[in-house]
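[1] only geometry, no sequence info:
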Ligand SMILES: [Zn+2]
């Protein structure tokens with residue numbers, strides 16, 4: 001999984017950025033953002049749920 005620099009993020013933020021068909025899969029818990037530019041992962045949580053760059057509505 002992701003290592004290196006990360007930042008905690010609220011689920012409301014994740015819901016704002018992910019594609020409409022994925023919004024319902026976002027849980028009301030803390031997510032983390034991966035700040036590694038070489039990584040496809042954008043958001044993830046402690047249960048290994050992952051949202052990648054292609055899952056984003058808006059380019060990050
Ligand atoms: Zn990563």
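    Sure thing, it's come through. If you're wondering where the values come from, they're calculated on a predicted model, not measured in any experiment.
[2] Pretty sure residue 28 sits against residue 15.
    No - with contact defined as C-beta atoms under 8 Å, residue 28 does not reach residue 15; the gap is 9.5 Å. No exception for glycine: its C-beta is placed from N, CA and C like everyone else's.
[3] Neighbour count: the two, which is higher?
    residue 15 (17 against 8; other C-beta atoms under 10 Å).
[4] For my notes, confirm that one occurs in a helix.
    Yes - Residue 15 forms part of a helix when assessed by DSSP: H, G, I helix; E, B strand; the rest coil.
[5] what separates it from the ion, distance-wise?
    20 Å (C-beta to the ion, to the nearest Å).
[6] Then residue 47?
    In terms of C-beta to the ion, residue 47 sits 16 Å off from the ion.
[7] and if you look at residue 49?
    With C-beta to the ion as the criterion, residue 49 and the ion are 14 Å apart.
[8] What is the neighbour count of that residue?
    14.
[9] So it is in contact with residue 29, correct?
    No - if you go by C-beta under 8 Å, residue 49 and residue 29 don't touch, sitting 9.5 Å apart.
[10] Listing request: residues of this protein with sub-threshold pLDDT.
    1 (pLDDT under 70).
[11] Flag every residue of it that's near the ion.
    2, 34, 36, 39, 41 (C-beta under 5 Å from the ion).
[12] Residue 2 is in what secondary structure piece?
    Using DSSP states H and E, residue 2 maps to neither a helix nor a strand.
[13] Chain neighbours aside, what residue packs nearest to it?
    Spatial nearest neighbour of residue 2, chain neighbours left out: residue 34 (4.5 Å); criterion: C-beta to C-beta, 6 or more residues apart in numbering.
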